[in-house]
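Peer 1: Predicted model, plus sequence, below.
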Amino acid sequence: VLHGGREVVTSFKVTLETPALGKVIRRLSVPLSLTRSGFPTGGYAAVEGAVLRAFSRETAADASLAAGRHRLCYTDEDGDVITLSGDAELRELLPWASKGWPGSLL
């Protein structure tokens, strides 16, 4: 994680798994803008956009992904799968990512 004033670059390991395509894993770095209190602004949209761009070939090949029927989830420290739906959940994830969190976005 790079701390540069109001921006943080966070790395994620992302797994896409569909019946048609199987399992594809990629590592992404996503720049996030922070508020003065350190919360991401538009962070969920940035992460989702980066994931969709990283899997653009797979998205084009799978009609359900192309239609926007996807969800971003992560595995927490207890092994539970948590669904991300906005910046609030992303705030929970960022401290782990900044400490070399071993989880992945699914």
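Peer 2: That came through fine.

Peer 1: which residues of the chain score low on pLDDT?
Peer 2: Within the chain, the segments meeting pLDDT under 70 span 1-5, 37-39, 61-68, 95-106.

Peer 1: ok, L94 - how many residues close by?
Peer 2: Number of residues near L94 (other CB atoms under 10 Å) recorded here: 20. C-beta here means a position set from N, CA and C on the backbone, and glycine is covered the same way.

Peer 1: mind checking the SS state of it?
Peer 2: Using DSSP: H, G, I helix; E, B strand; the rest coil, the three-state assignment for L94 comes out as helix.

Peer 1: residues in contact with it?
Peer 2: For L94, the residues meeting the contact criterion (CB atoms under 8 Å, 6 or more residues apart in numbering) are V8, T10, L32, P40, G43.

Peer 1: Output the helix or strand containing the second one as CSV, restricted to C-alpha atoms.
Peer 2: For T10, the enclosing helix or strand under DSSP states H and E is strand 7-18. Taking only C-alpha atoms (Å, rounded to 0.1, in the frame of the first residue of the first chain), the coordinates of strand 7-18 have been written out as CSV:
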residue,chain,number,x,y,z
GLU,A,7,-4.5,8.3,-2.3
VAL,A,8,-3.8,4.6,-1.5
VAL,A,9,-2.9,1.9,-4.0
THR,A,10,-4.2,-1.4,-2.7
SER,A,11,-3.5,-4.9,-4.2
PHE,A,12,-6.0,-7.6,-4.3
LYS,A,13,-5.9,-11.2,-5.5
VAL,A,14,-9.2,-11.7,-7.5
THR,A,15,-10.8,-15.0,-8.4
LEU,A,16,-13.4,-15.4,-11.1
GLU,A,17,-15.2,-18.7,-11.1
THR,A,18,-18.1,-19.6,-13.4
